[in-house]
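*Asks:* The sequence and its predicted three-dimensional model are supplied below.
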Amino acid sequence: MRRGMAPLRIRKTGVHNIFYLYLSISVAYSYNIDLEHPLVFRGPNSSFFGYSVLEHYHDNTRWVIVGAPRANSTYSSSVHSPGAVYKCRIHSNPERRCTEMDLGRGNKPRESCGKTCQGDRNDEWMGVSLARQDRADGRILACAHRWKNVYYDSEHILPHGYCSVIPPTLQGRTKPLIPCYEDYKQKYGEEHGSCQAGIAGVFTEELVVMGAPGSYYWTGTIKVYNLSSDSFYSLNKDDVDSHRYSYLGYAVTAGHFSSPDVVDVAAGAPQHDGSGKVYIFKIDGVSLVKSFQASGKMMGSYFGSSLCAVDLNQDGLSDLLVGAPMHSQLRDEGQVSVYLSKGNGVMEEAGVLNGDNAFNAHFGECITAIGDIDDDGYQDVAIGAPKEDDYGGAVYIYHGDATGIISKYSMKLSGRSVNPGLQMFGQSISGTVDMDGNGYADITIGAFVADSVVLLRSRPVITVDVSIFLPVSINITVPQCHEGHQNLNCFNITVCMRFRGRQLPGQIELLYNLTADVDKRQKSQPSRVYFAQSGSQISQMSRQLSLAIQQEHCQRHTAYVKKDVKDVFTAITFEVAYSLGKHVLTGHQERDLPALTPVLRWRKGNKIAVRNETWFEKNCLSDDCAADLRLHGKLLLSGLHVKPHLALGGVKNVSLNLTISNAGDDAYDTNIYFNFTREVFYINFWQKEEKGIACGLVELDFLKCSVGFPFMRAQTKYHFAVIFDTSQLSGKNDTLQFLVQAKSANPEHRLSDNILDLSVHWFMRQTPLLLVW
Ligand SMILES: [Ca+2]
Ligand SMILES: [Ca+2]
Ligand SMILES: [Ca+2]
Ligand SMILES: [Ca+2]
């Protein structure tokens, strides 16, 4: 459904910078609108075929209805370019032929339309807007906003605008509506003289809403006609700020804004105060009463020039999208504001959409609800940016969800990539009808400068349910697996998959990658667990599954824990990322509408993957699994008595005799670090029968001893000694100092007893005079 007023619209014409910088960060997603099999319908050259477009169905026939407001009419050949409405059958139409509909207007350029009404149909722009009742036998509204009353020809020509209500059969009598003409007016009526009703239209069960932006010297208004009561509602003029050239009615829509069983009407005034405005009116008796208003935030942005009512979050209340296609950072990138309905007419601004923010894109020129194209229970929306890509045009697909709308678009349909000749693709969009009967609503997009419309069909969407079963924890104190003489820690991972969805093939092929310890890998750290494959250790494995619909299929894998695992605290995360394998579609195939292959459900722009995690088993009594290490020890001088003094040259070795105990929970990755002068040399370490100590030099003056790998049990003690060669001491310093510190990967609350400062003063036997302390 498209409204527009290109000929009369006052455009912003600024001075454009010749040089500009533009950075486009384009994220190319591909989702379920098929671009391989577009159905392109073409109309007569320069007829603006596609300026408006409408998906229609009646009985079992599906149609694309197309407005061509500059076309010549075969039924009105003596009228100069009155415009025409075409119908294009979807099935059994291999040549993609469209035929003009006879709206019963006759072949006279002038028509009598009332006591003071003489219609002039020349250049009336029939088909500038199209709308349809949203039901099985929905009628169609087609308007010609430049239709003129020339009764007062000598004084004024009055472009009142004209609309036709077309039966669902697309044949037979049409009902004319000239909402701005009033029979009793005996002379030129300035109120609705230049009304141009029908530049935008919407058609609900009972109401025909026609925007009339030229009323009251281009203040504008809306004309709301009730089909059942054959009467018009009047807009309470005090409710709207009367500013000339506001263009109220440039865009209209209708929805359940205040409550689910009431229809309210919304209208845009894109030139109001220079920044644009949108109103919602509720019907009260015979009046329309304002219930909400919002203003644009940027001068010249044309806020309110397109509107879309759609229940994004499936709460029964319509939400409102408002386009500002000339919203500019550099120039006319365009923007769409999202308002979520909170009930009783309260609308909450929930953010803005920008597409790719492309230069001169006019994103938001057209906004259309397209139904739930991916069958997730939430309505979806298409937003046109017809001037993007140097007037090639683009359409962005956004998805409703429980929170409102997902701000990332799932797909960008580029006009030129559908067909290189398309221009102004996305100026008009229609949706909600399943045109090929595959269970998914399809989208039709007009590109009027190329006199074309394109039907793009939606592919079936597969939802895959993936479960990763892991042990609750992994006990690394006892081996679970044996390979030859090797004892290993190992555990099972079971990956189960199942798929579901509407009208899917019965059998699909899925490819998946199972990645072990994915968090570590993402930090470029080695994985702590691995899979064994042909004798090598791998941390990612690929598998293929053939699945029957609704049937769960599981595969079991064994993962092994590496020998030298240090980090036993952080979770071990497994990820299954999956993609669709090849499959053959069976069943009925039509030559012109081949069945479309399914796609996987889009995960809001994220990788299609599922994760689960397990932990290394910990034996903790405290909430935070805190250790409490304690270091005790003394420095022993070999050959001499234990004295606090060391005679230089008199001692060859010193020994640090240490006891480490753990008064807290099991301590992981426990180490003792020794700092010392480079004048002593680490020789060796010695431990009692407990074992579990291993020492190694990190630097010449830095030694690290691990304790009780993989962990030091709660309430345990280790006794050991570390021996250093002191024969090379130069005597430069008067103290020989060892700083010893114990640390684990656990949290620890008392660290003061983790540190030991073991020092000895020394004197020179030969030169006692230098004795200093
Ligand atoms: Ca809603
Ligand atoms: Ca959806
Ligand atoms: Ca379909
Ligand atoms: Ca401690």
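*Replies:* Cool, got the structure. Numbers count the residues shown, from 1 in each chain. Ligands and ions are numbered 1, 2, ... in the order given.

*Asks:* how close does the closest residue in space to residue 239 that isn't next to it in sequence sit to residue 750?
*Replies:* Closest residue to residue 239 apart from its sequence neighbours, by C-beta to C-beta, 6 or more residues apart in numbering: residue 290 at 3.7 Å. (C-beta placed from N, C-alpha, C; glycine too.) Using C-beta to C-beta, to the nearest Å, one gets 69 Å for the distance from residue 290 to residue 750.

*Asks:* cool, and residue 389?
*Replies:* 66 Å.

*Asks:* can you check residue 170 too?
*Replies:* 86 Å.

*Asks:* So between these two, which is more surrounded?
*Replies:* Set side by side, residue 170 and residue 750 show more neighbours around residue 170, with 20 against 13, by other C-beta atoms under 10 Å.

*Asks:* Point out where the chain drops to low pLDDT.
*Replies:* Across the chain, the ranges flagged by pLDDT under 70 are 1-29, 184-190, 583-592, 638-649, 690, 763-773.

*Asks:* Dihedrals phi and psi, the residue most central in space within it?
*Replies:* Residue closest to the average C-alpha location in the chain (C-alpha atoms, centre = their mean): residue 408, at 2.8 Å. Residue 408 adopts backbone torsions of phi -80, psi 130, taken as degrees, to the nearest 10.

*Asks:* Skipping adjacent residues, who's closest to residue 232 in space?
*Replies:* residue 225 (5.3 Å).

*Asks:* what helix or strand is the one you found on?
*Replies:* Using DSSP states H and E, residue 225 falls within strand 221-226.

*Asks:* Next, the buried residues of that strand.
*Replies:* Neighbour counts over strand 221-226 (16 or more other C-beta atoms under 10 Å) mark 221-225 as buried.

*Asks:* Redo those residues as CSV? Include distance to ligand 3.
*Replies:* Below are the buried residues of strand 221-226 laid out as CSV (distance: C-beta to the ion, whole Å):
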residue, distance to ligand 3
221, 38
222, 33
223, 35
224, 33
225, 33
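
*Asks:* which residues touch whichever residue of the stretch 1-150 of the chain sits closest to ligand 1?
*Replies:* Of all residues in the stretch 1-150 of the chain, residue 134 sits closest to ligand 1, at 16.2 Å by C-beta to the ion. Counting by C-beta atoms under 8 Å, 6 or more residues apart in numbering, residue 134 touches 204, 432.

*Asks:* any idea how far residue 55 is from it?
*Replies:* Taking C-beta to C-beta, one finds residue 134 at 11 Å from residue 55.

*Asks:* Touching both of the two, which residues are there?
*Replies:* Counting by C-beta under 8 Å, 6+ apart, the residues touching both residue 134 and residue 55 are residue 432.

*Asks:* returning to what we had before: give me the contact list for the strand holding residue 225.
*Replies:* With contact meaning C-beta under 8 Å, 6+ apart, strand 221-226 is reached by 177, 179-180, 192, 195, 197, 206-212, 215, 231-233, 235, 248-249, 252, 265, 267, 281, 283, 288.

*Asks:* Same question for stretch 746-760.
*Replies:* Against stretch 746-760 from outside (C-beta under 8 Å, 6+ apart): 569, 624-635, 637, 644-646, 654, 656, 658, 664-668, 735-743.

*Asks:* Now list the buried members of those residues.
*Replies:* For these, buried by 16+ other C-beta under 10 Å: 625-631, 633, 635, 637, 646, 654, 656, 658, 664-668, 736, 738, 740-743.

*Asks:* The residue in the stretch 401-550 of the chain positioned nearest to ligand 4: which element?
*Replies:* Going by C-beta to the ion, ligand 4 is nearest to residue 477 of the stretch 401-550 of the chain, at 23.0 Å. For residue 477, there is no host helix or strand (DSSP H and E).

*Asks:* contacting residues for it?
*Replies:* By C-beta under 8 Å, 6+ apart, the contact set of residue 477 is 617, 710.

*Asks:* got it, and the one 5 residues further on?
*Replies:* Taking C-beta under 8 Å, 6+ apart, we find residue 482 in contact with residue 488.

*Asks:* now it: how far from residue 564?
*Replies:* Where residue 564 is concerned, residue 482 sits at a distance of 19 Å (C-beta to C-beta).

*Asks:* Neighbours of residue 534, how many?
*Replies:* 5.

*Asks:* For it, grab phi and psi.
*Replies:* phi 40, psi 50.

*Asks:* can you tell me the helix or strand for the residue of the stretch 101-250 of the chain found nearest ligand 2?
*Replies:* Using C-beta to the ion, residue 134 is the residue of the stretch 101-250 of the chain that sits closest to ligand 2, at 16.9 Å. Assigned by DSSP H and E, residue 134 belongs to no helix or strand.

*Asks:* Cross the contacts of strand 221-226 against helices and list the overlap.
*Replies:* Mapping the contacts of strand 221-226 onto helices (DSSP state H) picks out residue 215.

*Asks:* Got a PyMOL select line for the buried ones in the contacts of strand 221-226?
*Replies:* Applying 16+ other C-beta under 10 Å to the contacts of strand 221-226 leaves a buried subset, and the PyMOL line that selects it is:
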select buried, resi 177+179+180+192+195+197+207+208+209+210+211+212+215+232+233+235+248+249+252+265+267+281+283+288
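
*Asks:* All the helices of the stretch 451-600 of the chain, residue numbers only.
*Replies:* Under the criterion DSSP state H, counting those that start in this stretch, the stretch 451-600 of the chain carries helices at the ranges 518-522.

*Asks:* so who does the residue of it found nearest ligand 4 touch?
*Replies:* With C-beta to the ion, the shortest gap between the stretch 451-600 of the chain and ligand 4 falls at residue 569, namely 17.8 Å. Counting by C-beta under 8 Å, 6+ apart, residue 569 makes contact with 616, 618, 625, 668, 745-746.

*Asks:* count of neighbours near the residue nearest to residue 239?
*Replies:* Using other C-beta under 10 Å, residue 290 is surrounded by 15 other residues.
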